[in-house]
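Enquirer: Okay, sequence plus prediction incoming.
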Amino acid sequence: MNVRWTNDTLQEKVCKHALSMSESSDVAGGIVKDTIVVTHSMGALMVAGGIANKKCSFDDSTTWVSMSAPMSGTMASNYVQDICTDDDTKAFRQILSLLGKCPVKDGMKSLAYQGGKYSTMDLNNAFLAAQVAYRDNVDAIIVEFKSGKHDGFVEFESCRGGFPETKFSASHEDRFYVTECNHADTAFLHGNSYFKETMQPVMWFECLL
């Protein structure tokens with residue numbers, strides 16, 4: 001992730017792509033119509049940022065489906081930045097350097113916890129604006145938690161994007177679905193669980209269609 005989700009050019013590209021999906025969209029006015037927008041992880045921040053910065057807007061005929069959105073940042077960003085800058089973690093830093101994770105790229109830096117030690121006032125404000133756009137426009141969300149209420153990458157609190165916890169259900173038939181999936185599961189990489197109602201990401205998506 002070399003580019004921050006707050007990057008103007010990136011947000012413009014995302015909005016331009018969404019506008020190109022339907023002939024009924026108002027390209028000149030930047031209004032996305034008759035389109036199903038599906039985002040995973042940082043993609044939701046890119047879309048929400050584009051809306052917040054008036055790069056585009058969603059008509060009522062457009063549906064936005066979001067999976068595992070780090071709407072207030074992720075523990076992964078802070079962990080990696082800790083390792084890549086702390087002398088006490090030199091051994092881990094060497095490993096991450098070999099994997100190309102150190103130094104930390106701009107995209108990962110932009111996912112630092114909102115209000116945390118690696119965030120900035122500008123980033124905090126960008127998160128707040130994106131969260132408002134998210135709540136005003138998203139139609140269906142899959143969030144996840146396992147131990148500690150996170151999926152290994154994004155915490156439940158961040159995924160909710162400011163929606164109340166009571167809005168979410170453990171049933172895949174509900175639009176706001178809280179699961180025991182991990183971050184890869186919500187990208188539909190592993191299908192559904194044969195045994196757990198709280199691990200049915202593909203079935204949840206099919207029910208939305």
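Expert: Everything's here; your move.
Enquirer: OK, contacts around the residue nearest in space to the middle of the chain?
Expert: In the chain, the centroid-proximal residue (C-alpha atoms, centre = their mean) is Ala69; its distance is 2.3 Å. Residues near Ala69 by C-beta atoms under 8 Å, 6 or more residues apart in numbering: Thr39, Ser41, Met42, Gly43, Ala44, Leu45, Tyr134, Ile141, Val154, Ser158, Cys159, Gly161. For every residue, glycine as well, the C-beta is placed using N, CA and C.
Enquirer: Need those residues in JSON lines (columns: neighbour count and distance to Asn192).
Expert: JSON lines is the format used below for those (neighbours: other C-beta atoms under 10 Å; distance: C-beta to C-beta, whole Å):
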{"residue": "Thr39", "neighbour count": "21", "distance to Asn192": "21"}
{"residue": "Ser41", "neighbour count": "22", "distance to Asn192": "20"}
{"residue": "Met42", "neighbour count": "23", "distance to Asn192": "24"}
{"residue": "Gly43", "neighbour count": "17", "distance to Asn192": "22"}
{"residue": "Ala44", "neighbour count": "28", "distance to Asn192": "22"}
{"residue": "Leu45", "neighbour count": "31", "distance to Asn192": "27"}
{"residue": "Tyr134", "neighbour count": "26", "distance to Asn192": "26"}
{"residue": "Ile141", "neighbour count": "24", "distance to Asn192": "18"}
{"residue": "Val154", "neighbour count": "27", "distance to Asn192": "20"}
{"residue": "Ser158", "neighbour count": "25", "distance to Asn192": "24"}
{"residue": "Cys159", "neighbour count": "31", "distance to Asn192": "20"}
{"residue": "Gly161", "neighbour count": "24", "distance to Asn192": "24"}
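Enquirer: Quick one: which of those has the lowest pLDDT value?
Expert: Ranked by pLDDT, the contacts of Ala69 bottom out at Val154, which scores 85.
Enquirer: how far away is that residue from Ser77?
Expert: 10 Å (C-beta to C-beta, to the nearest Å).
Enquirer: Please identify the helix or strand for the closest residue to Asp106 other than its chain neighbours.
Expert: Using C-beta to C-beta, 6 or more residues apart in numbering and skipping the chain neighbours, the partner closest in space to Asp106 is Arg4 (4.9 Å). Here Arg4 is covered by no helix or strand, with elements defined by DSSP states H and E.
Enquirer: Look up the pLDDT of the residue nearest to the centre of the chain for me, please.
Expert: 96.
Enquirer: Ramachandran coordinates for it?
Expert: Backbone torsions of Ala69, given as degrees, to the nearest 10, read phi -80, psi 120.
Enquirer: How much space separates it from Asp8?
Expert: Counting by C-beta to C-beta - Ala69 and Asp8 are separated by 20 Å.
Enquirer: So, low pLDDT: which residues of this protein?
Expert: Scanning the chain with the threshold set as pLDDT under 70 gives 88, 145-153.
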